[in-house]
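A.B. asks: sequence and computational prediction follow.
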Protein chains: 4
Amino acid sequence: MSLRPVELEEGRVVFEGEPGEEHYNPIGVVHGGYAATLLDSALGCAVHTTLPAGVGYTSLGLEAKFVRPISRDTGRVLCEATVLYRGRRQATAEATLTAADSGKLLGHGTTTCMILGAV
Amino acid sequence: MSLRPVELEEGRVVFEGEPGEEHYNPIGVVHGGYAATLLDSALGCAVHTTLPAGVGYTSLGLEAKFVRPISRDTGRVLCEATVLYRGRRQATAEATLTAADSGKLLGHGTTTCMILGAV
Amino acid sequence: MSLRPVELEEGRVVFEGEPGEEHYNPIGVVHGGYAATLLDSALGCAVHTTLPAGVGYTSLGLEAKFVRPISRDTGRVLCEATVLYRGRRQATAEATLTAADSGKLLGHGTTTCMILGAV
Amino acid sequence: MSLRPVELEEGRVVFEGEPGEEHYNPIGVVHGGYAATLLDSALGCAVHTTLPAGVGYTSLGLEAKFVRPISRDTGRVLCEATVLYRGRRQATAEATLTAADSGKLLGHGTTTCMILGAV
């Protein structure tokens, strides 16, 4: 899917991707799984940036919302994820998915991750 | 991703897939986006089976839960989706994702879809 | 809110409640918080039934769906929750909320709980 | 539950509440339903502020995350909700729940609402 992190700091990351016809579903728009994959990647990575070396995490889930259809004409998309809470046992983050050209919101999501190992 | 519907009736569908190393994320297990894509496909398709010809739908979101890691060794996976509610304006469905060999639950999810057009 | 458990076994509970005008929101139906509270109670309790003495849990979240409006005329409501996964560190459960008289589905939901202590 | 809106503008509202022992669950902290009710109230109200007179909405669901326990000692809590998307048929919003004194995040959530009537 050619997702690339383009910004990365503690508690915040931005990924980009470029959806194409190879991501279409049978009803002629980009599959919801494409947005879900971008959201999941950015959300997990944002949580990862808050963890010290040797401490892992696992995503317990993803809540994704799809607000505008994505097509080949959407062009490059940006997914910005921010950590909202990082405790010793869990972390939560939220992310937005926007069209790079227009800045329009395409979807957004949240995650809960479990922290594995002593923080 | 080679997802295939293997059972299809009104209000219930089963999809199957076979995750491989091409679906791995950087931490060495299958990407959460793989499970999310399977869940989203089966959930949307299950809603679709309840709609008369000419009536469309759009997914407003996906809530996915990941309960066991998926790896190449998991083998074939099955995603069974069932419609819980189908009204004139919205429909909801739930799905489970299981390993075909062991029957173990790998994840599960829900969706809300908006019905487009007169039902 | 007078919620009462009416059935209780390992991995499954049923709660009942009777919504009234004291639970109305300003737009004249029962507040979404009423359904959310019933779902959260039953989901957490169902997880609790799977834990040995001395092991605790905490709810990390609730995903609730509202499919039919609830009013004083709905009468008694039943919330049945079932555990889908119970591991050493997390558990997930799902629940339905139905009208006792008609059997109609009013809403449904899921939770992820974190297990506290050694299982 | 004595929830009060304390700020209100187009697309953004703040509610406050003061949890007490009457909101405790059997395990000795404030019930998740309390946080869910505050989140649901603020999220729906935020969507409402974006609608012209005569246009209604209904909440299709609530995704709530609980990150810190709430007790009587938490004191006054604030729930700030912001609309992320408002289209002709759906709107989405997100909210945070914080302790007024410490500013600490207690939970957060999202909603999808369906717009009823022509916008």
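C.D. replies: Okay, I see it. Residues are numbered from 1 along each chain as shown, chains lettered A, B, ... in the order given.
A.B. asks: gap between residue A:13 and residue A:52?
C.D. replies: Relative to residue A:52, residue A:13 is positioned 17 Å away (C-beta to C-beta, to the nearest Å). Where you see a C-beta, it was placed from the backbone N, CA and C, and this is true even at glycine.
A.B. asks: which positions in chain A make contact with chain B?
C.D. replies: On the criterion C-beta under 8 Å from any C-beta of the partner chain, chain B has as its neighbours in chain A the residues A:1, A:25, A:27, A:31-34, A:36-38, A:40-41, A:44, A:56, A:58-66, A:69.
A.B. asks: now the buried members of those residues.
C.D. replies: The neighbour-count test (16 or more other C-beta atoms under 10 Å in any protein chain shown) applied to those identifies A:25, A:31-34, A:36-38, A:40-41, A:44, A:58-66 as buried.
A.B. asks: can you pull out the low-pLDDT segments for chain A?
C.D. replies: Flagging of chain A using pLDDT under 70 yields the residue ranges A:1.
A.B. asks: what about residue A:13 and residue A:52, which has more around it?
C.D. replies: In this view residue A:13 and residue A:52 are compared by other C-beta atoms under 10 Å in any protein chain shown, and residue A:13 has more residues nearby, 26 against 8.
A.B. asks: element containing residue A:91?
C.D. replies: Per DSSP states H and E, residue A:91 falls inside strand A:90-99.
A.B. asks: ok, residue A:55 - contacts?
C.D. replies: Taking C-beta atoms under 8 Å, 6 or more residues apart in numbering or on different chains as the criterion, residue A:55 is in contact with A:115-119.
A.B. asks: next, format these as TSV and append distance to residue B:82.
C.D. replies: Supplementary listing: the contacts of residue A:55 in TSV, determined by distance: C-beta to C-beta, whole Å:
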residue	distance to residue B:82
A:115	33
A:116	32
A:117	37
A:118	41
A:119	39
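A.B. asks: neighbour-wise, which one of those residues leads?
C.D. replies: When neighbours are counted by other C-beta under 10 Å, residue A:115 leads these with 19 neighbours.
A.B. asks: and it, that one's in a helix?
C.D. replies: No. Following the definition DSSP: H, G, I helix; E, B strand; the rest coil, residue A:115 is strand and is not counted among the residues of a helix.
A.B. asks: give me the phi and psi for the residue minimising distance to the centre of chain A.
C.D. replies: Geometric centre of chain A, nearest residue: residue A:39, 2.2 Å, by C-alpha atoms, centre = their mean. Note on residue A:39: backbone dihedrals following degrees, to the nearest 10 are phi -60, psi -50.
A.B. asks: spatially nearest residue to it (excluding sequence neighbours)?
C.D. replies: Nearest residue to residue A:39, sequence neighbours excluded (C-beta to C-beta, 6 or more residues apart in numbering or on different chains): residue A:109, at 4.0 Å.
A.B. asks: distance of the residue nearest to the centre of chain A from residue A:94?
C.D. replies: Plainly put, residue A:39 is 9 Å away from residue A:94 if you go by C-beta to C-beta.
A.B. asks: same question for residue A:11.
C.D. replies: For residue A:11, the distance to residue A:94 equals 11 Å [C-beta to C-beta].
A.B. asks: how about residue A:112?
C.D. replies: Applying C-beta to C-beta, the value for residue A:112 to residue A:94 is 11 Å.
A.B. asks: again, but for residue A:58
C.D. replies: Residue A:58 sits 18 Å away from residue A:94, taking C-beta to C-beta as the criterion.
A.B. asks: what do you get for residue A:59?
C.D. replies: Note on residue A:59: its distance to residue A:94, by C-beta to C-beta, is 14 Å.
A.B. asks: what do the two both touch?
C.D. replies: Contact criterion C-beta under 8 Å, 6+ apart; residues bridging residue A:59 and residue A:94 by contacting each: residue A:43.
A.B. asks: who in chain A is up against chain D?
C.D. replies: Applying the criterion C-beta under 8 Å from any C-beta, the portion of chain A that neighbours chain D consists of A:63, A:65, A:67-68, A:84-85, A:87, A:90, A:92, A:94, A:96, A:105, A:108, A:110, A:112.
A.B. asks: residue ranges for the helices of chain A, please.
C.D. replies: Secondary structure of chain A (DSSP state H): helices at A:32-48.
A.B. asks: got the residues of it near chain C?
C.D. replies: For chain A, the residues in contact with chain C under the definition C-beta under 8 Å from any C-beta are A:60-61, A:63, A:89-90, A:112, A:114.
A.B. asks: now for those, which pair is the farthest apart?
C.D. replies: Every pair in the residues of chain A next to chain C was compared (C-beta to C-beta); the two farthest apart turn out to be A:63 and A:89, at 19.4 Å.
A.B. asks: can you tell me how far the closest residue in space to residue A:76 that isn't next to it in sequence sits from residue D:76?
C.D. replies: On the basis of C-beta to C-beta, 6+ apart, the spatially nearest residue to residue A:76 that is not a chain neighbour turns out to be residue A:100, at 4.0 Å. Per C-beta to C-beta, residue A:100 is found 41 Å from residue D:76.
A.B. asks: one more: residue A:45?
C.D. replies: Note on residue A:45: its distance to residue D:76, by C-beta to C-beta, is 35 Å.
A.B. asks: when those two are compared, which one has more neighbours?
C.D. replies: Between residue A:45 and residue D:76, counted using other C-beta under 10 Å, the more crowded position is residue A:45 (22 against 12).
A.B. asks: residues touching the residue nearest to residue A:76, list them.
C.D. replies: By C-beta under 8 Å, 6+ apart, the contact set of residue A:100 is A:16, A:75-78.
A.B. asks: next one: phi and psi at it?
C.D. replies: Recorded main-chain torsions at residue A:100 are phi -60, psi -40, according to degrees, to the nearest 10.
A.B. asks: that older thread, now restrict the residues of chain A next to chain D to buried residues only.
C.D. replies: Under a neighbour-count criterion of 16+ other C-beta under 10 Å, the subset of the residues of chain A next to chain D counted as buried comprises A:63, A:65, A:67-68, A:84-85, A:90, A:92, A:94, A:96, A:105, A:108, A:110, A:112.
A.B. asks: farthest pair in these?
C.D. replies: A:68 and A:90 (30.6 Å).
A.B. asks: can you give me the strands for chain A?
C.D. replies: Remark: strands of chain A, listed N- to C-terminal, are A:4-9, A:12-17, A:56-66, A:77-86, A:90-99, A:105-116; assignment by DSSP state E.
A.B. asks: ok, which of the ones you listed comes nearest residue C:21?
C.D. replies: The stretch from the strands of chain A with the least distance to residue C:21 (C-beta to C-beta) is strand A:56-66; that distance is 32.3 Å.
A.B. asks: who touches the residue nearest to residue A:12 when sequence neighbours are not counted in this structure?
C.D. replies: Nearest residue to residue A:12 in three dimensions, chain neighbours excluded: residue A:82, at 5.0 Å (C-beta to C-beta, 6+ apart). Residues touching residue A:82, when contacts are defined by C-beta under 8 Å, 6+ apart, comprise A:11-12, A:46, A:93-95.
A.B. asks: how far off centre is stretch A:98-105?
C.D. replies: Put simply, stretch A:98-105 sits 15 Å off its chain's centre (C-alpha atoms, centre = their mean, to the nearest Å).
A.B. asks: what residues of that stretch count as buried?
C.D. replies: Within stretch A:98-105, the residues that qualify as buried are A:98-99, A:105, counting by 16+ other C-beta under 10 Å.
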